[in-house]
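> Could you work out the structure for the sequence below:
(chains A and B)
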Amino acid sequence: MADLRLESVSKSFGQEEVIHDVSLEVAHGEFIVFVGPSGCGKSTLLRLVTGLESVTSGRIFIDGVDVTHVKPSDRRVAMVFQSYALFPHLTVAENIGFGLRLAKTPAAEIRRRVAEVANTLRIEELLERKPRQLSGGQRQRVAIGRSIIRSPKVFLFDEPLSNLDAALRVLMRLEITRLHNRLQATMIFVTHDQTEAMTLADRIYVFNHGRIEQSGTPMHLYNAPANRFVAGFIGSPAMNFLPAKVRRQEDRFTAAIGSSVVPLDRSLRNLPQGEISIGVRPEHMSVVDPADGDVEATIEIVEELGAEVIAYLQIDATAEPVTVRLPPQRQVVPGQRVGVRLAHESFHLFDSDGALLG
Amino acid sequence: MERDALYWRVILLAAPIAVFTALVIWPLLSSFYYSFTNWNGFNPEYDFVGLDNFAKIGTDRLFASAIINTAIWMVAAIFLPTLLGLALALLLDSKVPGGTIFKTLFYLPICLSAVVVGQIWIWIYQGDWGLLNTVLRAVTGSDFSYAWLARPNTALGSVIVAWSWQQTGLSMVIFLAGLTSIPDELLEVCDIEGATAWQRIRIVVIPLLTPATVVVVALSVINSLKGFDILYIMTGGGPFHSSDTLAMHMYNESFKKYLMGYGSAISVVLFLIALTIIRIYFRNLRKVDEIYG
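Next comes the predicted model:
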């Protein structure tokens, strides 16, 4: 049984509908990530699940029970906020035990469970401190501690790592993964950072303009994006899009990128002739001698990252900037004229509306 | 360039420092000076009497009663507007119909001068036709008549009510600002964790209003220490000195009995009391700052 099920959920603020007929299921123990750009409705959806906002239409089920009109505290969900939402006047121990205190749990029991949680999160030595005396990472642990102490059915994380610096974000990602492995709890994590989504999720829901664009495992979304939006959003560096014209030549299709013509997959049977976009991941492009490439380009910027080199190129034929991921030993310099070879079998073709072709 | 900046800094600072010195520092030092004299406020000739004025304070029965009245005045003038302001702010923050109108109405009295407020309440308390007695007569059906400001056991309390009526609006506005500065997430945590309305107010809202409370209490302390005008208008410290506060007693001694030296000694004591309270306030302010930033 799904721990969480949304049936045709919509939400409007005044006349403006921000969530459009969203249906989804989350199985017990799954780590789900809602990802999408700012303002796409992912946080609003999370607030609908907690009950902090009420749905305009549709139904929400937790553990098979319709909780659409149940108040937040009776839904048995816990939420970790982006701002941590710790009470500044309470100690770490009091913050973690907040829910138990409200439920009038005996003090000894609160102390025991707070100690257990503190042990799980390795924050025992912080229990008597106030939130202001903690670092960002420590505050986040305390916020997580408050959410796990009541053993909720569903954990909801609303961009909890956004306020942390890059290094701490990586560490906290690992912490959250470990926590999920240990608790085997159902977790929903909202982020606009596709790297977080890819690294944390069992499954990802990609949102845009209040709609689900696609869902699936991280690698499924990466390898088989359903449309140009998902293709461009998932993956870092982002997928390159080359404008091209499709032509039919006898029994197969070709695409003209500027004056260069590249063959398309032989299995393609039905393609509209005309303008399309060819999506190519940076690792599916290679830099060769100008004469050996599918298209010619000039290298603009080179980022040497140690394990790899990211090169930003300007393709002659289209004046489109593209990103290429190169092995570390590949020596390229800005201003260099190169050929770019495209892995034809890894093309993703999109029509002018961004829909997947073929 | 740097010399120019320094020049302007000196010029711009000199003006306020000069005004502050003339209107605050100089009178303050003068009070200290005259407290050791028997100056009557007019005669250019006076003698130094050492600590005589301060010794007199110890035996002055009216000073002792003024100290008690000041303590009652300050405690009531701090607690009543603070508690009423908090209650009104919590009520009006919960989106009651007509909230804006109520906020305006409750804030209005602070815009009036103490003289006007005093006169309004003199009429309200008037024994024969005052609003309070008229209402009490209507409610009880009796021919109730009581001169609230003319009786020693109700005079000070009656002025405190009038003072609280005026000051509550200010406390309310500060608490309302404090309520809007509480992050929504903290209140949403209460919703998710299942806090009752009372738990939410007691465990979360009131503690989070500490910075606002500090401001309200500070203003109440300062205003109550300065609270002379409304007492002067409504009771003049009477009847029988029953509403005499230190400020009122100092005024009476200095300007009615022309004992400027003794009055200055009382003002020095008042200054030291204010200084002590302000020191306690600043020490606590630091603690609040450490928690709430």
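
> Over in chain A, which residue gets nearest chain B? Let me know.
Across chain A, the shortest distance to chain B (CB to the nearest CB) belongs to A:S73, at 3.1 Å. Quick note: C-beta positions are derived from backbone N, CA and C, even for glycine.

> Thought A:V262 was touching A:R252, still the case?
No. With contact defined as CB atoms under 8 Å, A:R252 does not reach A:V262; the gap is 11.6 Å.

> quick revisit: the residue of chain A closest to chain B and B:E45: what is the separation?
Relative to B:E45, A:S73 is positioned 79 Å away (CB to CB, to the nearest Å).

> got it, and A:I276?
To B:E45, A:I276 is 107 Å away according to CB to CB.

> Tell me which of the two has more neighbours.
A:I276 (24 against 6; other CB atoms under 10 Å in any protein chain shown).

> pretty sure the more buried one belongs to a helix, no?
No. Counting by DSSP: H, G, I helix; E, B strand; the rest coil, A:I276 is not found in a helix; it is strand.

> how about it, what does it touch?
Counting by CB atoms under 8 Å, 6 or more residues apart in numbering or on different chains, A:I276 makes contact with A:P243, A:A244, A:K245, A:V246, A:A255, A:L349, A:F350, A:D351, A:S352, A:L357.

> Narrow those residues to those in helices?
With DSSP state H as the criterion, helices contain none of the contacts of A:I276.

> Hmm, B:I174 and B:V215 touching each other?
Yes. Using CB under 8 Å, B:V215 is in contact with B:I174, at 5.5 Å.

> of the two, who's got more company?
B:I174 (22 against 17).

> Need the residues that contact the helix-or-strand element of chain B with minimal mean pLDDT.
When the helices and strands of chain B are scored by mean pLDDT, DSSP states H and E, helix B:210-226 comes last with a mean of 85. Identification of contacts with helix B:210-226 by CB under 8 Å, 6+ apart yields A:89, B:73-74, B:77-78, B:81-82, B:85-86, B:163, B:167, B:170-171, B:174-175, B:177-179, B:181, B:247, B:270, B:273-274, B:277-278, B:281, B:284-285, B:288, B:291-292.

> Shouldn't A:S23 be within a strand?
Yes. According to three-state DSSP, the state of A:S23 is that of a strand.

> so who does the nearest residue to A:V35 once chain neighbours are set aside touch?
The shortest distance from A:V35 to any non-neighbouring residue, by CB to CB, 6 or more residues apart in numbering or on different chains, is to A:A197 (4.0 Å). Applying CB under 8 Å, 6+ apart to A:A197 gives the contacts A:V33, A:V35, A:F189, A:T191, A:I204, A:P218, A:I234.

> tell me the phi and psi of B:T196?
Note on B:T196: backbone dihedrals following degrees, to the nearest 10 are phi -80, psi 170.

> quick one: contacts for it?
Counted by CB under 8 Å, 6+ apart, B:T196 has contacts A:L102.

> Give me the pLDDT for it.
Looking at B:T196, its pLDDT stands at 93.

> and what of the one 4 residues further on?
According to the predicted model, the pLDDT of B:R200 comes to 94.

> To which secondary structure element type does it belong?
Secondary structure for B:R200, judged by three-state DSSP, is helix.

> May I ask you to confirm that it is in contact with B:V189?
No. B:R200 is beyond contact range of B:V189, at 9.9 Å (criterion: CB under 8 Å).

> Give me the more crowded residue out of these two.
Neighbours per residue (other CB under 10 Å) separate B:R200 from B:V189, with B:V189 holding more: 26 against 18.

> The more buried one - that's part of a strand, no?
No. Under three-state DSSP, B:V189 sits outside any strand and is assigned helix.

> before we move on, the earlier item: now, of the contacts of A:I276, which are buried?
For the contacts of A:I276, a neighbour count by 16 or more other CB atoms under 10 Å in any protein chain shown gives the buried set as A:P243, A:A244, A:V246, A:A255, A:L349, A:F350, A:D351, A:L357.

> now the residues you listed as a markdown table including distance to chain B and pLDDT?
Below are the buried ones among the contacts of A:I276 laid out as a markdown table (distance: CB to the nearest CB, whole Å; pLDDT from 0 to 100):
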| residue | distance to chain B | pLDDT |
| --- | --- | --- |
| A:P243 | 45 | 91 |
| A:A244 | 48 | 90 |
| A:V246 | 51 | 88 |
| A:A255 | 50 | 88 |
| A:L349 | 44 | 91 |
| A:F350 | 39 | 92 |
| A:D351 | 42 | 90 |
| A:L357 | 44 | 86 |
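
> Throw those residues into a markdown table and include distance to B:L90, thanks.
As requested, these are exported to a markdown table (distance: CB to CB, whole Å):
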| residue | distance to B:L90 |
| --- | --- |
| A:P243 | 61 |
| A:A244 | 64 |
| A:V246 | 67 |
| A:A255 | 67 |
| A:L349 | 61 |
| A:F350 | 56 |
| A:D351 | 58 |
| A:L357 | 60 |
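
> From B:I277, how far out is B:I222?
9 Å.

> so A:M239 makes contact with A:F229?
No. Shown here, A:M239 and A:F229 do not form a contact pair, counting by CB under 8 Å, at 10.7 Å.

> Which one's more surrounded, those two?
Neighbours per residue, other CB under 10 Å: of A:M239 and A:F229, the larger number sits with A:M239, 24 against 19.

> which parts of the longest helix along chain A are buried?
The residue-count maximum for a helix in chain A (DSSP H) belongs to helix A:166-183. For helix A:166-183, burial by neighbour count (16+ other CB under 10 Å) applies to A:L168, A:R169, A:M172, A:R173, A:E175, A:I176, A:L179, A:H180.

> Just the residues contacting that helix, thanks.
By CB under 8 Å, 6+ apart, helix A:166-183 touches A:31, A:120-121, A:136-137, A:140-141, A:144, A:148, A:157, A:160-161, A:164, A:187, A:189, A:196, A:199-200.

> In PyMOL, how would I select the buried members of those?
In PyMOL, this line selects whichever of these come out buried by 16+ other CB under 10 Å:
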select buried, chain A and resi 31+120+121+137+140+141+144+148+157+160+161+164+187+189+196+200
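
> Just the buried ones from the contacts of helix B:210-226, in ChimeraX syntax?
Buried residues within the contacts of helix B:210-226, by 16+ other CB under 10 Å, are selected in ChimeraX with:
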select /A:89 /B:73,74,77,78,81,82,85,86,163,167,170,171,174,175,178,179,247,270,273,277,291,292
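
> quick one: low-confidence parts of chain B?
Regions of chain B meeting the criterion pLDDT under 70 cover residues B:1, B:293.

> for chain A, what are the nearby residues on it?
Applying CB under 8 Å from any CB of the partner chain, we find that chain B lies next to chain A at B:183, B:185-186, B:188-196, B:199, B:203-204, B:207-208, B:210, B:290-293.

> ChimeraX command to pick out the buried ones of these?
A single ChimeraX command selects the buried members of the residues of chain B next to chain A (16+ other CB under 10 Å):
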select /B:185,186,188,189,190,191,192,193,195,199,203,204,207,208,210,291,292
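
> wait, what's in contact with the residue of the stretch 101-250 of chain B found nearest chain A?
Nearest to chain A, among the residues of the stretch 101-250 of chain B, is B:G194, at 3.1 Å (CB to the nearest CB). By CB under 8 Å, 6+ apart, the contact list for B:G194 reads A:P72, A:S73, A:D74, A:G99, A:L102, A:A103.

> who's in contact with the last one?
Read it as A:A103. Counting by CB under 8 Å, 6+ apart, A:A103 touches B:G194.

> Kindly report the same for the second one.
Listed by CB under 8 Å, 6+ apart, the contact set of A:S73 reads B:D191, B:I192, B:E193, B:G194, B:A195.

> Now for the residues you listed: which two are most distant?
Spanning the widest gap among the contacts of A:S73 are B:I192 and B:A195, at 9.1 Å by CB to CB.

> which residue is nearest the middle of chain B?
With distances taken as CA atoms, centre = their mean, the residue of chain B nearest its centroid is B:S224 (1.9 Å).

> What's the separation between it and B:I266?
17 Å.

> Where does pLDDT dip in the stretch 251-358 of chain A?
In the stretch 251-358 of chain A, residues with pLDDT under 70: A:266-269.

> for stretch B:217-231, which positions count as buried?
For stretch B:217-231, the buried set under the neighbour-count rule, 16+ other CB under 10 Å, comprises B:V217, B:A218, B:L219, B:S220, B:V221, B:N223, B:S224, B:L225, B:G227, B:F228, B:I230, B:L231.
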